[in-house]
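J.: need coordinates for the following:
(chains A and B)
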Amino acid sequence: MIPAAFAYHAPATLSEAVALMKEYGDSAKVLSGGQSLLPLLKLRLGQVGHLVDIGRIPGLEYIKEEGGMLRIGGRTREVALERSDLIRTRYPILLDTTVVIADPLVRNMATVGGNLAHGDPGNDHPATMLVLGAQVVAVGQKGERVIPIDKFFLGLFSTALKPDEIVTEIRIPVPAARTGGAYVKFERKVGDYATAAAAAYVTLSASGTVEQVGLALTNVGPAAVRATAAEKQLIGKKPDAAALGAAARTAAEATSPNADRRGETDYKKEMARVLATRALTKAIQRAEGV
Amino acid sequence: MAMHTIKVTVNGEEHQATVESRLLLVHLLRENLRLTGTHIGCDTTHCGACTILLDGQPVKSCTILAVQADGHQLTTVEGLEKDGKLHALQQGFWDKHGLQCGFCTPGMLMTSCALLERNKKPTELEIREAISGNLCRCTGYVNIVKAIQSAAEQQA
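T.: Here you go, the predicted structure:
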């Protein structure tokens, strides 16, 4: 399959890239890892006038802790997360997430910034980033802007990014004490999008009750679903099986899945409930250091 | 039509080509350079038959533009054999009958080649995870895993 013709640009600097995005506006798309965009173009589900390849811009691939934040460069490949000791030891929820994205070959190209900027409700990073309280740093003609992740996903394939903006960094607050997170995905086969998946991030108080919690679900709505009612329900509670089960039921009620080859809506809601329970349970185990 | 002149090093040999923006890397290899060992399977980023090494990393060449590869080092299945001697992996696939129809084999070889570069003695689970982006519809993977294990032993 051959994409419809387009003009290709490979700017050497971020400012050149932004200028190209500004010049071509809605007819331009950023090419990062290309593992979602190129299949769309090949299947002719989409067409672009101009592709702006950010692959030759230096300084966009890194993973580091600095100033109380984990900082991930926008073009950081998934494989880099998978092989990072920092991610494995301090952010196991990110390791959970990256290793279930597509397959290892795709992860050698696919980027974290691309996974977010694409705005696909089937992508795995959005739910995880929602519970981590991430910030997306975007650079456009007017300079740099920090977008809280809660304001980033507007709907199906739609984000808060302006046409000239490029994701340069993802920031995640470093974990507080007694904090654990987990991402649990149910997929039909390696490489598939989630039938449903859940991300949970929990901070326990010294007495073992839930002090802070984030819970979000993948591919059961037009964008990743943040289960705010379920989160509120858990605050201050002892995280026993009854409390987690009740919160997971509330979370499932917040979903609005579409029926497709992966299942009927009721089935997907039920999977959302099961996976929310599992993600919360694992997050709490990790928070307790078990 | 937007044309670009690019240079790629394939199996140690430098090539120059003038290509359309939309030309996929797999087509550059197969049609422009006549290296037809790299296969096109699903053409939808699922099957891994088109796997090649881009700067040593296994990637799906049907999901990369030729222009993105400008200036990079590529290795295809044709680059495995050296001076008439099969690569340990090729020998392993031969010895353990790691194929039936052979369509997935070039991709399997390139993925496992990169695996053995970074992990000399992978466990069965590590092998199965590494090749999870390469689909085989014949073997059930059993002999492919054995072939990779055999190559790892030969190289030890």
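
J.: relative to the whole chain's centre, how far out is stretch A:186-200?
T.: 13 Å (CA atoms, centre = their mean, to the nearest Å).

J.: buried ones in it, by neighbour count?
T.: Using 16 or more other CB atoms under 10 Å in any protein chain shown as the test for burial, stretch A:186-200 gives A:186-187, A:190-200. Placement of C-beta: from N, CA and C, glycine included.

J.: distance between the ends of that stretch?
T.: End-to-end distance for stretch A:186-200, by CA to CA, to the nearest Å: 15 Å.

J.: residue 113: neighbour count?
T.: Reading this off chain A. Neighbour count for A:Gly113, taken as other CB atoms under 10 Å in any protein chain shown: 27.

J.: I was after chain B.
T.: Neighbour number of B:Cys113 under other CB under 10 Å is 23.

J.: got the residues of the stretch 51-200 of chain A near chain B?
T.: Neighbours of chain B within the stretch 51-200 of chain A, by CB under 8 Å from any CB of the partner chain: A:51, A:53, A:55, A:79, A:102-106, A:108-109, A:190-191.

J.: for these, which one is nearest chain B?
T.: Distance to chain B, by CB to the nearest CB, is smallest for A:Asp103 among those, at 3.0 Å.

J.: that closest one: what's it in contact with?
T.: A:Val190, A:Gly191, B:Gly48, B:Ser132, B:Gly133 (CB atoms under 8 Å, 6 or more residues apart in numbering or on different chains).

J.: for it, phi and psi?
T.: The phi/psi pair for A:Asp103 (degrees, to the nearest 10) reads phi -140, psi 170.

J.: excluding covalently adjacent residues, which one is nearest to it?
T.: Excluding the flanking residues, the one nearest A:Asp103 by CB to CB, 6 or more residues apart in numbering or on different chains is B:Gly133, at 3.0 Å.

J.: what segments of the stretch 151-290 of chain A are strands?
T.: For the stretch 151-290 of chain A, the strands defined by DSSP state E, counting those that start in this stretch cover A:153-155, A:158-159, A:166-173, A:179-186, A:196-204, A:210-218, A:225-226.

J.: which strands or helices does the fourth one pack on?
T.: Using 3 or more CB pairs under 8 Å, 6 or more residues apart in numbering or on different chains; DSSP states H and E as the contact criterion, the elements in contact with strand A:179-186 are helix A:92-98, helix A:125-132, strand A:196-204, strand A:210-218, helix A:265-287.

J.: how about CSV for the ones you listed, with mean pLDDT and distance to A:Lys22 added?
T.: Converted to CSV, the helices and strands packed on strand A:179-186 look like this (pLDDT from 0 to 100; distance: least, CB to CB, whole Å):
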stretch, mean pLDDT, distance to A:Lys22
helix A:92-98, 98, 32
helix A:125-132, 98, 26
strand A:196-204, 98, 34
strand A:210-218, 98, 33
helix A:265-287, 98, 40
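
J.: can you redo those as JSON lines with distance to B:Gln91?
T.: What follows is the helices and strands packed on strand A:179-186, written out as JSON lines (distance: least, CB to CB, whole Å):
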{"stretch": "helix A:92-98", "distance to B:Gln91": "34"}
{"stretch": "helix A:125-132", "distance to B:Gln91": "41"}
{"stretch": "strand A:196-204", "distance to B:Gln91": "41"}
{"stretch": "strand A:210-218", "distance to B:Gln91": "43"}
{"stretch": "helix A:265-287", "distance to B:Gln91": "43"}
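
J.: B:Leu116: which of these is closest?
T.: Nearest to B:Leu116, of all these, is helix A:92-98, at 22.6 Å by CB to CB.

J.: just checking, B:Ala49 touches B:Leu109?
T.: No: the pair B:Ala49 / B:Leu109 is not scored as a contact, 11.0 Å apart, by CB atoms under 8 Å.

J.: these two - which one has more neighbours?
T.: Higher neighbour count among B:Ala49 and B:Leu109: B:Leu109, with 28 against 24, using other CB under 10 Å.

J.: I figured that one hits B:Leu89, correct?
T.: Yes: using CB under 8 Å, B:Leu109 is in contact with B:Leu89, at 5.3 Å.

J.: so what's in contact with these two at the same time?
T.: By CB under 8 Å, 6+ apart, B:Leu109 and B:Leu89 have these common neighbours: B:Leu80.

J.: quick one: contacts for the one residue in chain B that gets nearest to chain A?
T.: For chain B, the nearest residue to chain A under the criterion CB to the nearest CB is B:Gly133, separated by 3.0 Å. Going by CB under 8 Å, 6+ apart, B:Gly133 touches A:Ala102, A:Asp103, A:Pro104, A:Leu105, A:Val106, A:Val190, A:Gly191, B:Gly48, B:Thr51, B:Lys60, B:Thr111.

J.: pop the domain breakdown of chain B in here.
T.: The domain map for chain B lists B:3-79, B:88-155, with the assignment taken from automatic domain parsing.

J.: typed the wrong thing, it's chain A
T.: Chain A breaks down by automatic domain parsing into domains covering A:7-54, A:63-173, A:179-285.

J.: which parts of chain B are strands?
T.: Assigned by DSSP state E, the strands in chain B fall at B:3-10, B:13-20, B:51-54, B:57-60, B:73-75.

J.: what's the closest of those strands to A:Gly114?
T.: Counting by CB to CB, A:Gly114 lies closest to strand B:57-60 out of the strands of chain B; the figure is 14.6 Å.

J.: quick one: buried residues of the closest one?
T.: Neighbour counts over strand B:57-60 (16+ other CB under 10 Å) mark B:Gln57, B:Pro58, B:Val59, B:Lys60 as buried.

J.: picking that back up, which of the domains of chain B sits closest to A:Ser158?
T.: Closest of the domains of chain B to A:Ser158 is domain B:3-79, at 22.9 Å (criterion: CB to CB).

J.: ends of that closest one, what's the gap?
T.: Separation of the first and last residues of domain B:3-79 by CA to CA is 28 Å.

J.: and chain A, is that domain touching that?
T.: Yes: remark: domain B:3-79 sits within contact range of chain A at B:4, B:20-22, B:24, B:43-46, B:48, B:51, B:54, B:57-60, B:62-65, B:67-68, B:70, by CB under 8 Å from any CB.

J.: quick check on these: which are buried?
T.: Buried members of the residues of domain B:3-79 next to chain A, scored by 16+ other CB under 10 Å, are B:4, B:20-22, B:24, B:43, B:45-46, B:48, B:51, B:54, B:57-60, B:62-65, B:67-68, B:70.
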